[in-house]
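*Asks:* One predicted model, sequence on top.
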Amino acid sequence: MEIGEIKQQLTLSQVLVHYGLKPDKHLRLHCPFHEDKTPSLQVYYKTHTCYCFSSNCKTHGKSMDVIDFVMHKEGISKHEAILKCKDLLGANVTASPALPVNRSGILQYMFTYFKNAIHNSKPGQVYLQSRGLDMTRLEIGYNTGQFHHGNRKDEGLISSCITVGLLTPWSGKMREGSQQYRPFGKYCIVFALRDKAGEISGMYFRSTVNDSDQRHYYLKDRHGLYPGYPKADVTRLILTESVIDAATLSQHSEIGRSYGILACYGTNGLTAEHEAAIVGLSQLQEIIFAFDGDEAGSKAVAKYYTLLKERLPYVQMSSIVLPAGEDINSMGVSHTGEVFTELLRGRTALFFSTEGSTEKTMSSAAAPGIAVGKEGGILDSRNPYKLMYEGEGGHYYVQGGLGKQLDSMKVTLVIEHKESGQKSRNKVDLYEDKQVDRLSREVSEKLGLRKDVLAEDLYRLTDLLDSYRETAQEDSVAGEESGPYKMSETERSEAVRFLRQEGLLAALNELLGQTGIVGEEQNRLFLLLVALSYKMAAPLHALIQGSSGSGKTRLLKQVSDCMPPEKVTRLTRVSDKVLYNYPERYFINRLLCLEDIDGLSEEAEFAFRELQSNGELNSATSIKLDNGQITSGQKTVRGPIASLACTTRGELYEDNMSRVFLISVDESSDQTRRIINYQNSKASGEIDISREQESKEFIRNLVRSLDVLEVVNPYASRLQLPSDAHKIRRLHDLFLNFVKMVTLLHQYQRRRDSKGRLVAELSDVASAISIMFDSIVLKVDELDGSLRQFFEQLKAFIAQHGKDYEFSRFEVREATGVGKTQQHHYINKLVELCYVRQYGHANRGYKYRIAHWDNYNGLLTRIKTHLDNQLSMLVTEHQRTPDRTPELSVVAERG
């Protein structure tokens, strides 16, 4: 091997990795050839050289290539450095031609170029970082599309790249008149696909730009597997859905030592080459599917389980269970590498039902992407965008898939001669006999095939495509019409037994704590009852207030996770008119959760507010009729909905305040300690996550077990809320509806009247008041929840120095622990409301004094006394006449 070839194949990055050296983000290093306190060695990946700018360095004044670097680093001669570089390459001394001529050699040559380019490409590095991929551990390249430009322009290289598909001649011309070329996979990261011998036989390209149409590309005549053919002695093989998922696992050496890894090319990408490679593993004991946590991934696992189980009946098959919407790569980005060890340890064995006739079993085994015609023809639909059929006359490819309209079958059809490989490409409607007849004649003349054979093939293909399209539409409809979860008799009986017990609210609150909700004992029970009201004709709504990072969104998520998922819609962002465009009946008796109501536009907030109050949205739109006439129409989205939402600025939503219960999260230091203790216990493994999930599932079954019944409250006219509460009319109605929810929860313990309605008891009223007491106080208090907690902390601090004590913001920050930005908001709001007075000037710093020492504890006592007195009167009256319920005649008790 000549010196030039060594410099061409051995990159500076490989040399630095070999010596354990890693440049900083400016590609600078502490020079290894002299004492260097600040990085003075500059690395140039583009030329694979480096230069030390320190005059104290023996290499100063001359640029070093890879051979020079090894020579100085090892302290050896030039000849010895050349031999060392050969060892690093693992190369033989025999010379090789400058430019390979076979496909594998060309791909190896270009992939080496792409690998070198990644070190000089900021966009490529940023993308890899966003996907959690380490280019020092993986073989990854980057294609800028410039490999045939400038000094690199070489006719031999261009010709080779055209042959393998990396370049395509373009109709345009360069300014100097030379041919233009379009590079394949421009601005993509590149992965090598390898054949059984370990040679590069194909490439996979993943776009790094925001391309919504197509982001995955494979070189033409795709062959090879990623990261390569599994080793012959592998006993456990992980199948991933994508190349990037496989790369994510491959960079964890612990997994690579224990498992084989093989990437499929999507949910329909288990090719015949994959199948042959897997079946050829004589020592294989287990196949582990690591597909995405979505419906498509689940269907693909079921499909390939059937396919592989027929070929490998004695091999165990299991699946990694990923959270909904997650894949292997996203888990790697958001978690440490240990998450994969835990996922593999918790994998579940696969057992799909094979009951039924032999024909059904065989059909399902042949069905992964394969449709069988009545006359034995086979349509390969593993790639829905390239359907393949092998007829008597030739190979037929339907490019781009099928349209969904059933009145036509317009396709882009490629017909290939079996022997010569010559192709004919046409657009045709297979439902038009005249077009089919003309196509048969033209293809017969071009490819030299019999016209009658071609026509017969096309008619068979049409029948197969008909069957394929009907099956696809049936699957789509079945997916959309999937019903709610059906409980077993055992699950229902356990739920009813729980709902019949005494002290139901306390038991339910304890169960909520077992789901992972730390503290917030009153709030979590309150929110659960609000969420449960989605079943009712008059559902409830709650707005959770708290400062940034206080845990309000987590509380919302944890409570909504306890509701049946088929009845919950949780949104992070809502565009202006999206709520108007949902299907008409989508929101009927559904829980809608908005994780951040502050992000809603005025239009979206209005729609949300109307859906809460009116239970439906009506919008007038323009509609185009079949005859082309434009007319008006009305679109309706029906409710009612229950809702939970979070905000950091509750005081801004004046219109919403009267529609919802206000809940303030606990931001005390005690709650912070409880959360930290929980996090520590969870990290140390003391908390069983599976038990938390079981508790959530049980609460969902409790909710499913509750029937929707009408509730009457005979004590409704006997209770009055504080008259100074915010918009008392709506609050009183909310209170009465909340009492109904408490009664509904106790439906297995409550009596019914002559009309079959549940009758509320005094204990229901007392429980409702106890649970929503804090919310009632927030309605009466002028300050919102977070601001009130801050003001009470401030008053406690100032009281130690005297009520007239003037204080600065630094003292407030030290006393309350609130950050500068949040403190600025709180202080300004208190000044605006005249609770705090501001003195001084900005140039010397402001001083503050509390101007209004309100008695918050007195307010709490007054409200509590007001409600307790009314309850006491009702209890006393009930004790005098225990058999009489006000204004109702109770005739039956629920069994």
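*Replies:* Sure, I can see it. Numbering: from 1, shown residues only.
*Asks:* switch to C-alpha atoms for all contacts and neighbour counts from now on
*Replies:* OK.
*Asks:* domain parsing for the protein?
*Replies:* What automatic domain parsing lists as the domains of the chain is 3-89, 99-222, 225-355, 369-479, 490-665, 779-853.
*Asks:* contacting residues around the residue nearest the centre of the chain?
*Replies:* In the chain, the C-alpha nearest the mean C-alpha coordinate belongs to G325, at 4.1 Å (CA atoms, centre = their mean). The contact partners of G325, by CA atoms under 8 Å, 6 or more residues apart in numbering, come to D292, G293, D294.
*Asks:* give me that answer again for 7 Å
*Replies:* By CA atoms under 7 Å, 6 or more residues apart in numbering, G325 lies in contact with G293, D294.
*Asks:* Residue numbering should commence at 25 henceforth.
*Replies:* Right, with 25 as the first residue, what we last looked at is G349.
*Asks:* Spell out the secondary structure type for the residue nearest to L485 when sequence neighbours are not counted.
*Replies:* Among residues not flanking L485 along the chain, Y413 sits closest, at 7.1 Å (CA to CA, 6 or more residues apart in numbering). Assigned state for Y413: strand (three-state reduction, DSSP: H, G, I helix; E, B strand; the rest coil).
*Asks:* Tell me what Y413 is bridged to.
*Replies:* Beta-bridge pairing of Y413 under DSSP bridges involves L403, Y420.
*Asks:* now S231
*Replies:* Beta bridges link S231 to C212, judged by DSSP bridges.
*Asks:* tally of neighbours for it?
*Replies:* 20 (other CA atoms under 10 Å).
*Asks:* Quick check: it vs P251, distance?
*Replies:* Plainly put, S231 is 19 Å away from P251 if you go by CA to CA, to the nearest Å.
*Asks:* got it, and V602?
*Replies:* Here V602 is placed at a distance of 43 Å from P251 (CA to CA).
*Asks:* the more surrounded of the two?
*Replies:* Taking other CA under 10 Å, V602 and P251 do not tie; P251 has more neighbours (22 against 10).
*Asks:* what ranges do the helices span in the stretch 725-874 of the chain?
*Replies:* 752-769, 786-795, 797-804, 809-823, 833-840, 844-856 (DSSP state H, counting those that start in this stretch).
*Asks:* What residues sit buried inside the fourth one?
*Replies:* Put plainly, it is helix 809-823. G809, S810, L811, R812, Q813, F814, F815, E816, Q817, L818, F821, I822 (16 or more other CA atoms under 10 Å).
*Asks:* what about the stretch 525-674 of the chain, any weak spots by pLDDT?
*Replies:* Along the stretch 525-674 of the chain, segments meeting pLDDT under 70 span 674.
*Asks:* all helices of it, in order?
*Replies:* Using DSSP H, counting those that start in this stretch, helices in the stretch 525-674 of the chain cover 528-537, 545-556, 576-584, 626-637.
*Asks:* Serialize those helices to TSV and add fields for mean neighbour count and distance to G427.
*Replies:* TSV is the format used below for those (neighbours: other CA atoms under 10 Å; distance: least, CA to CA, whole Å):
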stretch	mean neighbour count	distance to G427
helix 528-537	16	49
helix 545-556	22	42
helix 576-584	21	39
helix 626-637	18	35
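*Asks:* For Y242, find the nearest of those helices.
*Replies:* Checking those against Y242 by CA to CA gives helix 576-584 as the closest, at 40.1 Å.
*Asks:* Okay, angle between the closest one and helix 528-537 too, please.
*Replies:* If you take axes from the mean of the first three to the mean of the last three CA atoms, to 10 degrees, helix 576-584 sits at 120 degrees to helix 528-537.
*Asks:* Identify all contacting residues around helix 576-584.
*Replies:* I541, R548, L551, L552, I568, G570, E619, L668, C670, V689.
*Asks:* Return it as CSV; C-alpha atoms alone will do.
*Replies:* Extracted C-alpha coordinates of helix 576-584, given in CSV (Å, rounded to 0.1, in the frame of the first residue of the first chain):
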residue,chain,number,x,y,z
LYS,A,576,-49.4,21.1,37.6
THR,A,577,-49.1,19.4,34.2
ARG,A,578,-47.8,16.2,35.8
LEU,A,579,-50.8,16.3,38.1
LEU,A,580,-53.2,16.7,35.2
LYS,A,581,-51.5,13.8,33.3
GLN,A,582,-51.6,11.5,36.2
VAL,A,583,-55.3,12.1,36.9
SER,A,584,-56.3,11.8,33.3
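*Asks:* Next, the contact list for V188, please.
*Replies:* V188 is in contact with R127, counting by CA under 7 Å, 6+ apart.
*Asks:* out of the helices of the stretch 525-674 of the chain, nearest to L488?
*Replies:* Closest approach to L488 among the helices of the stretch 525-674 of the chain (CA to CA): helix 576-584, 45.6 Å.
*Asks:* The stretch 425-574 of the chain: strands as residue ranges?
*Replies:* Taking DSSP state E, counting those that start in this stretch as the criterion, the stretch 425-574 of the chain contains strands spanning 434-440, 447-453, 565-569.
*Asks:* Tell me which of the ones you listed lies nearest to L426.
*Replies:* Nearest to L426 among the strands of the stretch 425-574 of the chain is strand 434-440 (6.6 Å), distances taken as CA to CA.
*Asks:* Which strands and helices lie in contact with the closest one?
*Replies:* strand 419-423, strand 447-453 (3 or more CA pairs under 7 Å, 6 or more residues apart in numbering; DSSP states H and E).
*Asks:* Please identify the deepest-packed of those.
*Replies:* Mean neighbours per residue, mean count of other CA atoms under 10 Å, is largest over the helices and strands packed on strand 434-440 for strand 419-423, with a mean of 20.
*Asks:* That one to strand 434-440, inter-axis angle?
*Replies:* Computed by the same axes, to 10 degrees, the angle between strand 419-423 and strand 434-440 is 150 degrees.
*Asks:* chain center to strand 419-423: distance?
*Replies:* Centroid separation for strand 419-423 versus its chain: 35 Å, with CA atoms, centre = their mean, to the nearest Å.
*Asks:* Can you check the distance spanned by stretch 139-152, start to finish?
*Replies:* First-to-last distance for stretch 139-152 - CA to CA - comes to 13 Å.
*Asks:* If we go by neighbour counts, what in that stretch is buried?
*Replies:* The neighbour-count check on stretch 139-152 (16+ other CA under 10 Å) flags K139, N140, A141, I142, H143, N144, S145, P147, G148, Q149, Y151, L152 as buried.
*Asks:* Pick out the most distant pair among these.
*Replies:* N140 and Y151 (16.1 Å).
*Asks:* hmm, back to that, any chance of TSV for the domains of the chain, columns distance to Q744?
*Replies:* Compiled in TSV, the domains of the chain are given as follows (distance: least, CA to CA, whole Å):
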stretch	distance to Q744
domain 27-113	67
domain 123-246	57
domain 249-379	46
domain 393-503	50
domain 514-689	17
domain 803-877	14
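*Asks:* Quick one: closest of these to V766.
*Replies:* Closest of the domains of the chain to V766 is domain 514-689, at 7.4 Å (criterion: CA to CA).
*Asks:* just to revisit the earlier point, give me every residue that touches the residue nearest to L485.
*Replies:* Going by CA under 7 Å, 6+ apart, Y413 touches I402, L403, D404, H419, Y420, Y421.
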